[in-house]
Structure formats: C-alpha cells, structure tokens
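>>> sequence first, then the predicted structure:
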Amino acid sequence: MRAQSGVDQAPQFEWQNPYLLLTPGPLSTSPTVRAAMLRDWCTWDDDYNLGIVTPIREGLVRLASTTQPELFSAVLMQGSGTFSVEAMIGSAVPESGKLLVLANGEYGNRLARIAATLRIPHLVHDTGELAPPDLGKLESTLDNDRAISHVVCVHSETTTGMLNPLQEIAGIVKDRGRVLLVDSMSAFGGIPLDMAQLRIDFLVSSANKCIQGVPGFGFVIARRDELLKCQGRARSLSLDLHDQWQGMEKGHGKWRFTSPTHVVRAFFQAMQELQQEGGVAARHGRYRENHRRLVAGMERLGFRCLLPRQLQGPIITGFHSPQHPEFSFAKFYQALKQCGFVIYPGKVTHIDSFRIGTIGHVFPEDIDRLIVAVKESMYWT
C-alpha cells in the first residue's frame, strides 16, 4: 500500500527563478540541478554512499589532477565553504607549525582570522585589496623564517575579482619545502589547474561555486600522504579533516555526522552537467566570454573596472560606482532586480563600488541582456 502523505494537495512552488544571480555563489543553477533535490535519500544506504558520494569524491580528484590523480583524495565536509577552509587549516597545521597567510582581500583576511581563532602561530603578508601577493617578500620570508611550515593563499579573491598568481606562489613555496594550502573557493572547477603539476598539498572549494551546485557542503582535496599526517592535529571534533576522511574511506562514502543528502544529490547532477559541457576547459571558456562581454558592455556605458585587466579573473568583476550625487547602489540594485538580475555590493575598503559575477548557469546572451538592463536602469543619467 502506498504511504499517505498526510496532505490533500502538494504545495505550489515557483519553479522558475524570477532573476539571475550574478554573484560568486550561491549562484544561478540549472533547472535539472534543482530538480535533483526532489527525492529523499538514506544516509546509510549504498544507493547513496556508493552511487552518489563515492563517484563525487572520485570525480573531484579527477578534476583536481589529470596527471596523477592517485596522489589525492577528496573529503566532503558539511556546512559553508568556510567550514571546509577551517577544517583544512585546523587539521593541516600541527601545534609545532607556523602558518604564513597571503592576504589581499576579505577572504585572505578570513584565513588569518581562522588561524588566530584556532591559536595557530601565524604571520600575515597583507598587500592590500588592489595588489597581488608580493612574491619577492614571500621568497625572502620563507628563506629567513624556517619556523614557517605552511603557506595559505586565496586563488580567486572575490573581494575584487583578482586572480592571484597561483603558479608562481606554488613554485616559491614548494621549492622551499613548505606545505601549500589553497583556498580555491570561487575558482575550482571554473579555472583549469593540476594539483600534481603545481605541487599543491591541500585545496578547498564548495558545492555552490563553479561546479554550479547549491549551498550546503564544501570539500578539501589533498595529497594522501599529507592527509595521513593530519591525524590527531584537529582543533575541532566536527571539523577534523583526517577523521572525516577516514570515515569516508572505510565507510565507502559514509559521513560521520548527518549528510546534506539533497544538496549532495544536486551536486552529483551538477558534476554530470560540467562534463556534458566539456569539462573545466569549456566552462572556463564560457566564463571568460561572459566576463569579456560584461566588461566591454559596462565600459561602453561609462563604468570603470576596479582592477587592471592583467589582474582580473573571469569569476566576478568590481566596478567603481558612478560619481554622481543621485547614484544609490540600493536603488540601482532594485532597478536591475526588476529587470531580472541580482548583483553584489562592493567589498573594497574606502572605495564606493559594486560587483557583478559571471559564473553559474549564466551564458553570454544573458550578459548581453544584462547590459541592456543596466542601460535602462541608469536613472541618474
């Protein structure tokens, strides 16, 4: 007999989004990713753990390295991306270690706050929000301070949209024998990289970024030999990266604590759609074209980018706010929302700005429509 739902009629939902999220995540997802969340899963069933979680973990490793995937393992962690960042830092750096934080924006500063909260000895290189990390200073600091055991940096700093020089940073850090941790939250899956070639030890991202899933969990991809060293290091029970990894390894995909099943299933669908699009290279190409059309269109309308082109990544772009007495971001935001687009406020200190993301289930023709909407929403002209 079919189980009764207890209700006479299913509630009516608004399946189609009223606007595109032009943000760095959460972002606009495909209808099929959202539809994947419409059934329930048992966290202890093989259909879930072997059929969904395990392929996700294996797929993430293949995305991280095509040359030596066998060196790495993926650990899924409940919560927002920052939970996974904290799990990485709190589990990777031993009590005897010292962390060097490369900061050039809010998310680099957050890495430092995590280290301070966990009482991890650390040093911060802060180059300001509009400049990349100082590579010369990185070299000299590592040469002169042998106590530094680990270095952490942000790959794509969404404060401004800056794409930091990961290859150069990795070369300096690894040539000097240090462990490299990378916060690739808003870049992984949308910008090609190979962890083995770059010699990255730990990398973190989350479900609701370039792989185009929904919020609810993050993940750490790490060298197996470095994960083994993490045993007993964690400053938190729930954020113990080694314990979470061992649980998934021995339990064939089982999570230590309650798994966000619907979110995980949506991510499984999102990973399939990434491959159908042509993989990371193809998605990167779409994001770059989105970004190119955005910048060209906004500049035609008189807007100025925060960053020079050589520092700008294709994930999110910062723009100076118009220097007009009648301009209000809140009013501009609402006008664009009425046209079907949601953008982001600025985050740069002492600069009046706003940001527009170009990732997610967003295509070049959507950016063309956005530019038309921006022109129609320029009430101050």
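In hand now; what should we look at? Numbering: from 1, shown residues only.
>>> state the pLDDT value of the residue minimising distance to the centre of the chain.
Centroid-nearest residue in the chain, with CA atoms, centre = their mean: residue 185, separated by 2.1 Å. In this model, residue 185 is scored at 97, pLDDT.
>>> for residue 13, same thing?
We have a pLDDT of 52 for residue 13.
>>> over to residue 24?
Reported pLDDT for residue 24: 86.
>>> please report phi then psi for it.
Dihedral pair for residue 24: phi -90, psi 20, per degrees, to the nearest 10.
>>> that one is in contact with residue 362, isn't it?
No - counting by CB atoms under 8 Å, residue 362 is not a contact partner of residue 24; they are 11.7 Å apart. For every residue, glycine as well, the C-beta is placed using N, CA and C.
>>> residue 335 and residue 374 touch, don't they?
No - using CB under 8 Å, residue 335 makes no contact with residue 374, being 9.1 Å away.
>>> so between these two, which is more surrounded?
Neighbours were counted for residue 335 and for residue 374 using other CB atoms under 10 Å; residue 374 has more, 21 against 16.
>>> so who does residue 187 touch?
Neighbouring residues of residue 187 by CB atoms under 8 Å, 6 or more residues apart in numbering: 155, 156, 163, 193, 205, 209, 210, 313, 315.
>>> neighbours around residue 143, how many?
By other CB under 10 Å, the residues close to residue 143 number 10.
>>> can you verify it is assigned to a helix?
Yes - judged by DSSP: H, G, I helix; E, B strand; the rest coil, residue 143 forms part of a helix.
>>> for it, give its distance to residue 341.
Residue 143 sits 48 Å away from residue 341, going by CB to CB, to the nearest Å.
>>> equivalent analysis for residue 266, please.
Plainly put, residue 266 is 23 Å away from residue 341 if you go by CB to CB.
>>> between these two, who's got more neighbours?
Using other CB under 10 Å as the criterion, residue 266 and residue 341 rank with residue 266 on top: 27 against 22.
>>> for the residue nearest to the more buried one when sequence neighbours are not counted, give me its contacts.
Using CB to CB, 6 or more residues apart in numbering and skipping residues adjacent in sequence, the residue nearest residue 266 is residue 36, 4.6 Å away. Residues near residue 36 by CB under 8 Å, 6+ apart: 265, 266, 268, 269.
>>> of those, which is the most crowded?
Top of these by neighbour count (other CB under 10 Å): residue 266, with 27 neighbours.
>>> quick one, what contacts that residue?
Shown in contact with residue 266 (CB under 8 Å, 6+ apart): 29, 33, 34, 36, 37, 207, 213, 214.
>>> cool, residue 173 as well?
Residues in contact with residue 173 (CB under 8 Å, 6+ apart) are 138, 142, 151, 180.
>>> can you check residue 216 too?
Contacts of residue 216 (CB under 8 Å, 6+ apart): 78, 79, 207, 208, 260, 262, 263, 264.
>>> and these, which two are the farthest apart?
Farthest-apart pair in the contacts of residue 216 is 79 and 262; separation 14.9 Å (CB to CB).
>>> distance of the closest residue to residue 378 other than its chain neighbours from residue 287?
Distances taken as CB to CB, 6+ apart place residue 301 nearest to residue 378, at 6.9 Å, with adjacent residues excluded. Distance, residue 301 to residue 287, using CB to CB: 21 Å.
>>> neighbour-wise, which of the two wins?
Neighbour count, other CB under 10 Å: between residue 301 and residue 287, residue 287 has more, with 22 against 12.
>>> would you map the strands across the stretch 151-300 of the chain?
With strands called from DSSP state E, counting those that start in this stretch, the stretch 151-300 of the chain shows them at 156-157, 162-163, 179-183, 202-206, 217-223.
>>> could you point out which of those sits nearest residue 322?
Nearest to residue 322, of all these, is strand 162-163, at 22.3 Å by CB to CB.
>>> what packs against the closest one?
Counting contacts by 3 or more CB pairs under 8 Å, 6 or more residues apart in numbering; DSSP states H and E, strand 162-163 is packed against strand 156-157.
>>> what strands line up against the strand it packs on, and which way round?
Take DSSP bridges as the rule and strand 156-157 pairs in its sheet with strand 162-163 (antiparallel).
>>> for residue 359, list the residues it contacts.
Residue 359 sits next to 24-25, 27, 186, 190, 209-210, 212, 287, 290, 314-316 when contact means CB under 8 Å, 6+ apart.
>>> do that again at 6 Å, thanks
Counting by CB atoms under 6 Å, 6 or more residues apart in numbering, residue 359 touches 27, 190, 210, 287, 315.
>>> in space, what's closest to the first one - neighbours in sequence excluded?
Leaving aside its chain neighbours, residue 27 sits nearest to residue 360 (3.1 Å; criterion: CB to CB, 6+ apart).
>>> got any ranges where this structure has weak pLDDT?
Across the chain, the stretches falling below the confidence threshold (pLDDT under 70) are 1-15.
>>> okay then, goodbye and thanks.
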